[in-house]
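> Need coordinates for the following:
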Amino acid sequence: MSGGVPPAGPSDPAGLSPQEKDALIRELRRQVAAGRSEVRLLRRRLGFAEQAADRSAGELLDRLREADPRPTAAPPATLAVRLGRGLGLWQSPVVLGTAAAVLMAFAVDGAIGIWQERSLAAQREARLLMEHEALTSMFVELKRIVPEPDGRSFLMTLFMQNVDPAVPLYVMLNAVGVYVQVGMGWQQVPSTPLGAGGTGVVKLVDSHTYEVRFTPDVTGWAELIPGYMHVRLQADMLVSRKAEPGTAIAERRTPYYVYLKPHGADDAEIKRRSKMSGTPPVFIPMPPH
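Sure thing, here's the model as predicted:
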């Protein structure tokens, strides 16, 4: 603050004269008024500066709102190149040859899979058809069982017939299994086919008969019917329409169940126990069970 300098005088106001005191008071009042004026001037200047700053900030915001959006910068042209195009991979004969080989391998593998699936389906269909023909195109029967003179063995006769003689069947005969029930289980007994017609492959045009000898020499056999053994006869064979069947072959398993009168049985005792009339037969056929 600027102001006048008080007049020189004694440092003790008490020693001043009335005129000097009045002059000193007026000078002090003047200086106070001048200081107040300077303060008001400073405040006014500060107010103008704040208003100017507010106006500048408002104008800047208005300009930013009214300005056009800044365009997005386009990526460099080198970034738009697709992978491998710049290297020329798809123009390389090695790459093209490798890709073609891979595609060819997939195509061949798919074709082989389709062929195998169709081949297996055809084989399954042929096998099912042959199994059906083996059951329906051939009739098999147990004709008789007679005791052998040795007092231990029996001779059974089996009969086969082709239902359609115009189409021959090729039948491979396996050994006939003979089982006698002992307790709750089955015990196999020796059996032997007789002659050449009981084994090997038989061309069945019309009918065929073959014989098998068996010896049911067991103890403790089950007696479901008084005086009779419970016997299971199982004839297993392979059937085909071709002499060289390949895979067109079917298995046929034909079981027979009979009650067999053993050698040396007492017919009178059997008749008494079973209340049977007439002579007890050598065997009594039963349905499969």
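> Please count neighbours and contacts with C-alpha atoms only from this point.
Will do.
> Show me what residue 233 is bridged to.
Each beta-bridge partner of residue 233 is listed here, defined by DSSP bridges: residue 178, residue 256.
> what number of residues lie near it?
Burial measure for residue 233: 18 neighbouring residues, criterion other CA atoms under 10 Å.
> repeat for the one 10 residues further on
Residues near residue 243, counting by other CA under 10 Å, number 14.
> and it, that's in a strand?
No: secondary structure assignment (DSSP: H, G, I helix; E, B strand; the rest coil) places residue 243 in coil, not in a strand.
> host element of residue 239?
Under the criterion DSSP states H and E, the helix or strand holding residue 239 is strand 229-240.
> do the same with residue 167
Counting by DSSP H and E, no helix or strand carries residue 167.
> and the spatially closest residue to it that is not a sequence neighbour, how far is that from residue 140?
Taking CA to CA, 6 or more residues apart in numbering, and ignoring the residues beside it in sequence, residue 167 has residue 205 as its nearest neighbour in space, at 7.2 Å. Distance, residue 205 to residue 140, by CA to CA, to the nearest Å: 14 Å.
> Now for those two: what residues contact both?
Taking CA atoms under 8 Å, 6 or more residues apart in numbering as the contact rule, the neighbours common to residue 205 and residue 140 are residue 161.
> does the residue lying closest to residue 140 once chain neighbours are set aside sit in a helix, a strand or a coil?
The shortest distance from residue 140 to any residue other than its chain neighbours is 4.5 Å, reached at residue 160 (CA to CA, 6+ apart). Assigned by three-state DSSP, the conformation of residue 160 is strand.
> For residue 160, give its distance to residue 262.
From residue 160 across to residue 262, the span is 27 Å (CA to CA).
> One more: residue 178?
Counting by CA to CA, the separation of residue 178 from residue 262 is 14 Å.
> and those two? which has more neighbours close in?
Of the pair residue 178 and residue 262, residue 178 is the one with more neighbours under other CA under 10 Å, namely 24 against 19.
> Show me what the helix or strand harbouring residue 97 is packed against.
Residue 97 belongs to helix 93-136 when elements are defined using DSSP H and E. Counting by 3 or more CA pairs under 8 Å, 6 or more residues apart in numbering; DSSP states H and E, the packing neighbours recorded for helix 93-136 are strand 229-240, strand 250-260.
> okay, those, which one's buried deepest?
Most buried of the helices and strands packed on helix 93-136 by mean neighbour count (mean count of other CA atoms under 10 Å) is strand 229-240; its value is a mean of 21.
> got the contact list for that strand?
Where contact means CA under 8 Å, 6+ apart, the residues beyond strand 229-240 that reach it are 130, 134, 169-181, 221-224, 248-262.
> ok, now with 7 Å
Residues outside strand 229-240 that contact it (CA atoms under 7 Å, 6 or more residues apart in numbering) are 130, 134, 169-174, 176-181, 221-224, 248-262.
> Same question for stretch 164-171.
137, 201-206, 237-243.
> Break the protein down into its domains, please.
Here the chain is described, according to automatic domain parsing, as comprising the domains 17-61, 133-286.
> nearest to residue 105, of those domains?
Between residue 105 and the domains of the chain, the shortest separation by CA to CA is 30.3 Å, and it involves domain 133-286.
> mean confidence score for that closest one?
Within the predicted structure, the mean pLDDT of domain 133-286 is 90.
> Now do it: distance to the chain's middle.
For domain 133-286, the distance between its averaged C-alpha position and the chain's averaged C-alpha position is 46 Å (CA atoms, centre = their mean, to the nearest Å).
> change the start of the numbering to 294 and stick with it
Sure, I'll start counting at 294 from here, so that last one is domain 426-579.
> just checking, next helix/strand downstream of the helix or strand harbouring residue 566?
Here residue 566, judged by DSSP H and E, is contained in helix 560-567. Reading on from helix 560-567 to the C-terminus, the next helix or strand found by DSSP H and E is strand 576-579.
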